[in-house]
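Undergrad: Next comes the sequence, and after it the predicted model I'd like to discuss.
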Amino acid sequence: MAIAETHPQQQQEKVSSEASAAEKKRWTLSDFDIGKPLGRGKFGHVYLAREKRSNHIVALKVLFKSQLQQSQVEHQLRREVEIQSHLRHPNILRLYGYFYDQKRVYLILEYAAKGELYKELQRCKYFSERRAATYVASLARALIYCHGKHVIHRDIKPENLLIGAQGELKIADFGWSVHTFNRRRTMCGTLDYLPPEMVESVEHDASVDIWSLGVLCYEFLYGVPPFEAKEHSDTYRRIVQVDLKFPPKPIVSSAAKDLISQMLVKDSSQRLPLHKLLEHPWIVQNADPSGIYRA
Ligand SMILES: Nc1ncnc2c1ncn2[C@@H]1O[C@H](COP(=O)(O)OP(=O)(O)OP(=O)(O)O)[C@@H](O)[C@H]1O
């Protein structure tokens, strides 16, 4: 598929290695037929679009440069594009490429046909254990993949999750993600000189995603996040104290509560590692191995 070949890194490499070769293809708006609006975000709009040559359906996110500049998020966007365009996983929304004109930046994204997860959660109030476990397992797999590439998401929540055509979950927003080792350091081999606390800090930092996944698992099953409170300061206090309570309704199995309790642990080194999560009885018994929830 033509469109998959053109993430920015590849464009860059091709341009430098084939400097004298024929002009390298770059995306422009005229490569796409624009369809219905899919939604709007803080910085622009998202449209259904079709790449004319391949007929491939994508979501085209149009961001206004002026708004990005005003909110000083250009740096964040650059990082998001750099990170997301290099990730290939069935549960991570693909970013195929980008282009820009004078006023706008365009992101060519995988189209998630079933839309936003948080709307589904609002509609259902809370999910069944089968559905929640299937989603949690697929997110754990996606995060294991990210962490293996030293990428920490840091912002796992229902608003950042989309649902694909088959019902599979897709992590969509990498705006707060970080690449924990800069490439020079790893590639030059200076890793050898890093002290243990810095080597360990990768694992250590990655455990923030385990916490967020625990919060998300709770929210899937109860319909509200675990440390919710009227005032910000109360939520803050409840998080710091890990004031975790399981309400009597809806009824949730003790296996699910056990898993959540093992993820929402204050000492980050004691949180259940994601590969262990996949072996937890609640996941094994409830998650659909295909990663697809069928109603
Ligand atoms: N790849 C996609 N496939 C299908 N629908 C999408 C896709 N990306 C975005 N949308 C829809 O467009 C809406 C706006 O997306 P966008 O990412 O711009 O904003 P947001 O995530 O809601 O907010 P923010 O501006 O804070 O990032 C989403 O809420 C979703 O409904």
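TA: Arrived safely.
Undergrad: got a list of what the most centrally placed residue in the chain touches?
TA: Centroid-nearest residue in the chain, with CA atoms, centre = their mean: I171, separated by 3.0 Å. The contact partners of I171, taken as CB atoms under 8 Å, 6 or more residues apart in numbering, are 91-93, 139, 142, 153, 156, 160-161. To be clear about C-beta, it is placed using only N, CA and C from the backbone, and glycine gets the same treatment.
Undergrad: how about 7 Å then?
TA: 91-93, 142, 153, 160-161 (CB atoms under 7 Å, 6 or more residues apart in numbering).
Undergrad: With respect to the ligand, which of those is nearest?
TA: L93 (5.7 Å; CB to the nearest ligand atom).
Undergrad: Surely that closest one touches I163?
TA: No. Taking contacts as CB atoms under 7 Å, L93 lies outside contact range of I163: 10.6 Å.
Undergrad: list residues touching both of these two?
TA: By CB under 7 Å, 6+ apart, the residues touching both L93 and I163 are A112.
Undergrad: picking that back up, can you tell me which one of the contacts of I171 sits lowest on pLDDT?
TA: Within the contacts of I171, H153 has the lowest pLDDT, namely 84.
Undergrad: Would you mind pointing out the helix or strand the closest residue to the ligand within the stretch 101-250 of the chain falls in?
TA: Closest to the ligand within the stretch 101-250 of the chain is A112: 3.8 Å, counting by CB to the nearest ligand atom. Assigning secondary structure by DSSP states H and E places A112 outside every helix and strand.
Undergrad: Could you tell me what pLDDT the model assigned to it?
TA: In this model, A112 carries a pLDDT of 97.
Undergrad: The ligand contacts on this structure?
TA: 38-43, 46, 59, 61, 93, 109-112, 115-116, 162, 173 (CB under 6 Å from any ligand atom).
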